[in-house]
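>>> Predicted model follows, preceded by the sequence.
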Amino acid sequence: MSLKPKKVNFNEIWSDLRNTAEAVIKLDKVEKNVWNSSFSNVYNLCVAHPEPFADLLYEETKQFLKQHVETMLHTRVNPPGMNSNDGEQPDLLKRYYDAWSEYTAYQKQKISDADVVYGNLTTETYEQMEIGELGLDIWRTRMIESLSFDLVKYILEGIKADRMGHPGLDEERVRIISGVMHSFVEVQAYNKTGSLKIYQWLFECPLLLASGEYYATEATALLQRCTVSEYMEKVIKILDDENRRAQKFLHSSSIPKLLKQCEEKFINERLDFLYSECKQMVAQENRKDLRNMYIILKPIPDHLKIMLIQTFLDHIKNEGLETISTLKGESIHIQFVEDMLKVHKKYTQLIAEVFESDPLFLSALDKACASVINRRPSDKQPCRSAEYVAKYCDTLLKKSKTSESEIDQKLTNNITIFKYIEDKDVYQKFYSRLLAKRLIHEQSQSMDAEEAMINRLKQACGYEFTNKLHRMFTDISLSADLNNKFNNYLKQENIDLGINLSIKVLQAGAWPLGPTQTVITFAVPQEFEKAIRMFETFYHNSFSGRKLTWLHHMCHGELKLGYLKKTYIVTMQTYQMAMLLLFELSDSMTCKDIQTTLQLNTETFQKHMQSLVESKLLIASSENLEDNTKIELNLDYSNKRTKFKITSALQKETPQEVEHTINAVDEDRKLYLQAAIVRIMKLRKVLKHNALIQEILSQTNVSFTPSITIIKKCIESLIDKQYIERTPNSGDEYSYVA
């Protein structure tokens, strides 16, 4: 065809185009040559000379579409004689749906071609819709707005019938209702910013209003005839049904709005009723009811679930307190940890099964466990949880018949309880002291297990928390190498010590040796003197400038008893060995003679002599060990075991030792707080009292939570020491003193 503009007769060409358009809109067959000639006709009209007919063509097309939609409305969809009172009127939905389907089929099949044919008919005067958009807009104004009231009415009646389980609502009817409703969206498909406006205005608002009224009425009826348990079951079913119904009928944007309306009427406005039996459900751990309550409450805002969560938290707390309140005996630390683990495991499983491991309920479990574990019996009594957990680890890590895999699992579980401890510095003190005893007295089940436990603590609290524990391990490893070198030295020098000697050289700053760090005077037996002297010579030759302090109270050895009917090998503490060795030269000695010879203080002598008397290796002439009490070897001693151990008094934990550990923690805390305050003030220079308190708390929360009273005392102490001072013009502000 020629692209050159030419003079044309609009009426003649439009007549042909109109005939083609009628065939297209009725979905009749259009011959290819006719369709192709339409392209040429439209082009010729749009570029006609001397004046183009683009605007006129657009207006004629617009009138054609209006007339077509009007004809469909009055002859097919809503013909005269069919009014809203007609018994056949519900078929309005089907008639509308069929007309819409036909109209949109034309749109979908030919609209892209039609838009290409008509091209861009925009003039400089004003913008016009594309033909496809124009067709949908005419349907909206001529068809939908004319029938909107009745259409929405019958759609809502159809949805209501579905709610009531009406038997006549088959798949075909559902498809029609859904199709009519979706036409409200599709008719604005060209509107990029407000494609749901008509749908929301015409249909969604009335739907939500009608549904809200239905839900409120139904909820009231259920309350009058149902228990809480029955009500929850029915509401869950209603929610599921409404969700399926919404998926079946509604546009996706309406589904959350409808479900929210349902939740509001059945749940949010009925919380008092739902919570009326909450405590009873939790107390009885009624999993079915709790599960249903969780399903119901899950979609609502978190703050509305607080009563269920708090009730659950209180229940766990009460069970935990009840569990640990009856604990007593020497194994209280084992009972404490294992009973708390049972509580934790029980409710972790319950939360997983009933509450889908919801973080809110897991947080409630954490808070409840932390409250129980950190509870103080009274204001004057310290919380002993840190001590118990450390001792539980000690029990597991000591030599026993328990398998390594079982020990490893129990130590892993133990970390669960450890994480709840607030006073982790107290745990650190007890753990390091007990670790020291295990390492020194060679009581560890496995060095691998010891190291694995330290790594768990490091992962939980950081390197600083386990720094000294690692140094203790290093000392034991270095001591093993040192012993090998010392033995090689003895072989090279051809020196016989007379005894087998194993030395552990410990760093004074790394090992928590408690009050016994004060060296006790002791006259070393001559049997040990050569070995001690030779090691000192070897050590000082290897490490000049280092000072060795012998901690005889931490030493132990094996003594062979050959004066009885059977030979026995007894493991005992150094002081006990020294006491028995005195009887190689004498059959009987007084307490005063033994104490004077060994140069031991009275307390140390009494403790160790008492152990030997209680073991029946020695016989005392009186029950109380006085100066003139006679001590003799028990030559009639007998034991089924030829190898046994006499427990040292220092290996038995005393209340005084526990108290000393607690006191040491208190002193360490004061120093830690003072150092933290100085660091903060050096950085900040000037700081308000409350701001300083908050910074201190943030720095200490890993190890412990100090009381405000202790913090204030530390601040006053630093003011006295002139590290900080109060600013002249403000009583609650401090400044750093350079």
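Okay, I see it.
>>> Name the SS class of Val665, please.
helix (DSSP: H, G, I helix; E, B strand; the rest coil).
>>> Equivalent analysis for Asp496, please.
Asp496 carries the three-state label coil when classified by three-state DSSP.
>>> residues in contact with it?
Residues counted as contacts of Asp496 (Cβ atoms under 8 Å, 6 or more residues apart in numbering) are Leu490. Yep, even glycine has a C-beta here, placed from its N, CA and C like the rest.
>>> so what's it scoring on pLDDT?
In the prediction, the pLDDT value recorded for Asp496 is 89.
>>> got the residue ranges for the helices in the stretch 101-250 of the chain?
With DSSP state H, counting those that start in this stretch applied, the stretch 101-250 of the chain shows helices at 131-138, 145-163, 171-186, 197-199, 205-225, 228-249, listed in chain order.
>>> what comes up buried for whichever helix or strand comes after the last one?
The first helix or strand that comes after helix 228-249 along the chain, using DSSP states H and E, is helix 255-266. Burial within helix 255-266, assessed by neighbour count using 16 or more other Cβ atoms under 10 Å, is assigned to 255, 257-258, 261-266.
>>> One more: stretch 504-512?
Within stretch 504-512, the residues that count as buried by 16+ other Cβ under 10 Å are 504, 506, 510-512.
>>> what's the most distant pair in those?
Spanning the widest gap among these are Lys504 and Pro512, at 14.8 Å by Cβ to Cβ.
>>> returning to that earlier point: for Met164, state which of the buried residues of helix 255-266 is nearest.
For Met164, the closest of the buried residues of helix 255-266 turns out to be Cys262, at 15.9 Å, with distances computed as Cβ to Cβ.
>>> Let me see the contact set for the closest one.
If you count contacts by Cβ under 8 Å, 6+ apart, then Cys262 has 211, 215, 238-239, 242 around it.
>>> tell me which of the residues you listed is nearest to Asp302?
The nearest one, if we look at the contacts of Cys262 relative to Asp302 and count by Cβ to Cβ, is Leu239, at 18.8 Å.
>>> nearest residue to that closest one other than its sequence neighbours?
Closest residue to Leu239 apart from its sequence neighbours, by Cβ to Cβ, 6 or more residues apart in numbering: Cys262 at 6.1 Å.
>>> Which secondary structure state does Asn500 sit in?
Judged by three-state DSSP, the three-state class of Asn500 is coil.
>>> Next one, pLDDT for it please.
89.
>>> Can you name every helix or strand that the helix or strand that contains Ile306 contacts?
Element membership of Ile306 [criterion: DSSP H and E] is helix 306-325. Secondary structure elements in contact with helix 306-325, counted by 3 or more Cβ pairs under 8 Å, 6 or more residues apart in numbering; DSSP states H and E, are helix 271-275, helix 278-284, helix 287-297, helix 332-354, helix 359-373.
>>> Map the structural domains onto the sequence of this structure.
Using automatic domain parsing, the domain parsing of the chain gives 10-195, 493-653, 656-736.
>>> Any idea which of the ones you listed gets closest to Glu285?
Evaluated with Cβ to Cβ, those place domain 656-736 nearest to Glu285, the distance being 32.0 Å.
>>> Now do Lys391 against Lys328, distance only.
As defined by Cβ to Cβ, to the nearest Å, Lys391 lies at a distance of 15 Å from Lys328.
>>> Out of those two, name the residue with the larger neighbour count.
Just comparing Lys391 and Lys328: by other Cβ atoms under 10 Å the higher neighbour count belongs to Lys391, 21 against 8.
>>> Just the pLDDT for the closest residue to the more buried one other than its chain neighbours.
Closest residue to Lys391 apart from its sequence neighbours, by Cβ to Cβ, 6+ apart: His333 at 3.9 Å. His333 is assigned a predicted lDDT (pLDDT) of 93.
>>> swap in Glu51?
Value for Glu51, per-residue pLDDT: 75.
>>> any idea how far stretch 175-184 is from the chain center?
46 Å (Cα atoms, centre = their mean, to the nearest Å).
>>> Check which residues of that stretch are buried.
When neighbours are counted by 16+ other Cβ under 10 Å, the buried residues of stretch 175-184 are found to be 176-184.
>>> quick check, nearest of the residues you listed to Phe249?
So of those, ranked by how close each gets to Phe249 (Cβ to Cβ), first place is Ser178, at 5.1 Å.
>>> what about the strands in the chain?
Ranges of strands within the chain are 556-561, 568-573, 588-590, 618-620, 630-633, 643-645, 686-688, 724-726, 733-736, based on DSSP state E.
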